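J.: quick one: sequence and predicted model below, then my questions.
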Amino acid sequence: MTSTISGIVAYPVTPLHPRDNNTVNVEILHLLLDRMIDAGVDAIAPLGSTGESSYLDPSEWSAVANESIGHVDGRVPTVVGVSDLTTAGAVRRARIAESLGASAVMALPMSYWRLTEEEVRQHFMAIADAVSIPVMVYNNPATTGIDMTPEFLFDLVTSVDNITMVKESTGDVTRMHRLRELSGGTLPYFNGSNPLAQQAFEAGAAGWCTAAPCLIPDQIVAFHRLVVAGDQAGAAEFFDRIRPFLDMIVSRGLPTTIKSGLRGIGIEAGDPRRPLMPLDETDTAHLRGLIAAACG
């Protein structure tokens, strides 16, 4: 169970033109990618929930995957979100991502009907069988209604060759301790809960999957460098400063808060796709203040 991906895995939004919310703003997408890579993030993960993957049509999804992988151009690994309501759709996306040069793909189980454990297993096995690049299994029951236990996740990783990583987003750090216990510390698991980042690294997380670098890339990288250096006191003090910002961006959903935050700092990434709506002026001002405090 090895992986070349670790550290800060940064999730860009999918920028849309402000006067035409049906077209992707490639120029701003490139700007965001460069901004995060220049700050020192360790990987880029386009087309996750932050990137509004579920709100894009197939041609838009393919365009964002192509532009993201092409513009990153191997400077850091790319982990492309391929989640889809159907297994066939997720397989199709995974194959496209691999053909474009993605380093890995990530998927969570999406379903209108509640899935059985065997249905979830077969879904991920089909994705893994369709590609030769690593697969990251993403557990986020708050958004999917499907909770994969640490035991189930560990079994997936040990029984399917190229399922090699887990993104744990329940916000329950005991899940990470259990994954570490089950695998003897060999399973790379990633924290997907922003407010839990410090505890997750203390629990042995291989990395932090986060949209926060869209807004404060230097600060997120600086925090992680303190963690890597073993400066627990410094990391804790730094995390206390950025924690209010992290709490805020998850409060209303990441596409909404991140795009409103970008607008507040002068980067126009458009509005989130309806039915999502941007923050109002009061909340946008509050978020802008939290960004300033995090950067202070």
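T.: Looks like it arrived, so ask away. Numbers count the residues shown, from 1 in each chain.
J.: kindly provide the whole-number mean pLDDT of the host helix or strand of D218.
T.: Element membership for D218 (DSSP states H and E) is helix 217-228. For helix 217-228, mean pLDDT is 98.
J.: buried residues in it?
T.: Using 16 or more other Cβ atoms under 10 Å as the burial criterion, the residues of helix 217-228 that qualify are 217, 219-227. For the C-beta atoms, the positions are set from N, CA and C on the backbone; glycine is no exception.
J.: export only the CA atoms of that helix, formatted as PDB.
T.: These are the backbone C-alpha positions of helix 217-228, laid out as PDB (Å, rounded to 0.1, in the frame of the first residue of the first chain):
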ATOM      1  CA  PRO A 217      -2.300  29.000  -0.300                       C
ATOM      2  CA  ASP A 218       0.800  30.300   1.500                       C
ATOM      3  CA  GLN A 219      -0.700  29.800   4.900                       C
ATOM      4  CA  ILE A 220      -1.900  26.200   4.300                       C
ATOM      5  CA  VAL A 221       1.500  25.300   3.000                       C
ATOM      6  CA  ALA A 222       3.300  27.000   5.900                       C
ATOM      7  CA  PHE A 223       1.100  25.100   8.400                       C
ATOM      8  CA  HIS A 224       2.000  21.800   6.700                       C
ATOM      9  CA  ARG A 225       5.700  22.600   6.700                       C
ATOM     10  CA  LEU A 226       5.500  23.000  10.500                       C
ATOM     11  CA  VAL A 227       3.800  19.600  10.800                       C
ATOM     12  CA  VAL A 228       6.500  18.000   8.600                       C
END
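J.: helix, strand or coil for A294?
T.: helix (DSSP: H, G, I helix; E, B strand; the rest coil).
J.: actually V105, sorry about that
T.: With three-state DSSP as the basis, V105 sits in strand.
J.: let me know whether it touches V135 as I believe.
T.: Yes: with contact defined as Cβ atoms under 8 Å, V105 reaches V135; the gap is 5.7 Å.
J.: give me the common contacts of those two.
T.: 94, 127 (Cβ atoms under 8 Å, 6 or more residues apart in numbering).
J.: what helix or strand is the closest residue to L290 other than its chain neighbours on?
T.: Distance criterion Cβ to Cβ, 6 or more residues apart in numbering; nearest residue to L290, sequence neighbours excluded, is F245 at 4.2 Å. According to DSSP H and E, F245 maps onto helix 232-249.
J.: tell me the angle of that helix relative to helix 217-228?
T.: 140 degrees (axes from the mean of the first three to the mean of the last three Cα atoms, to 10 degrees).
J.: give me the buried positions along helix 232-249.
T.: Buried-residue list, helix 232-249, by 16+ other Cβ under 10 Å: 235, 238-239, 242-243, 245-246, 248-249.
J.: got the angle for whichever helix or strand comes after it vs helix 232-249?
T.: Once the chain leaves helix 232-249, the next helix or strand it forms, by DSSP H and E, is helix 254-264. Put simply, helix 254-264 runs at 100 degrees to helix 232-249, going by the same axes, to 10 degrees.
J.: any idea how far helix 254-264 is from the chain center?
T.: Its chain's C-alpha centre lies 15 Å from the corresponding centre of helix 254-264 when counted by Cα atoms, centre = their mean, to the nearest Å.
J.: check stretch 42-51 too.
T.: Using Cα atoms, centre = their mean, the offset of stretch 42-51 from its chain centre is 5 Å.
J.: alpha carbons only: can I get it in CSV?
T.: Extracted in CSV, the C-alpha atoms of stretch 42-51 (Å, rounded to 0.1, in the frame of the first residue of the first chain):
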residue,chain,number,x,y,z
ASP,A,42,1.9,18.9,-3.1
ALA,A,43,-0.9,17.9,-5.5
ILE,A,44,-3.9,19.3,-7.4
ALA,A,45,-7.3,17.6,-7.3
PRO,A,46,-9.7,19.1,-9.9
LEU,A,47,-13.4,18.1,-10.2
GLY,A,48,-14.1,17.2,-6.6
SER,A,49,-17.2,18.6,-4.9
THR,A,50,-15.4,22.0,-4.6
GLY,A,51,-15.0,21.9,-8.4
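J.: use 490 as the first number for this chain going forward.
T.: Got it, the first residue is 490 from now on, which makes the last one we talked about stretch 531-540.
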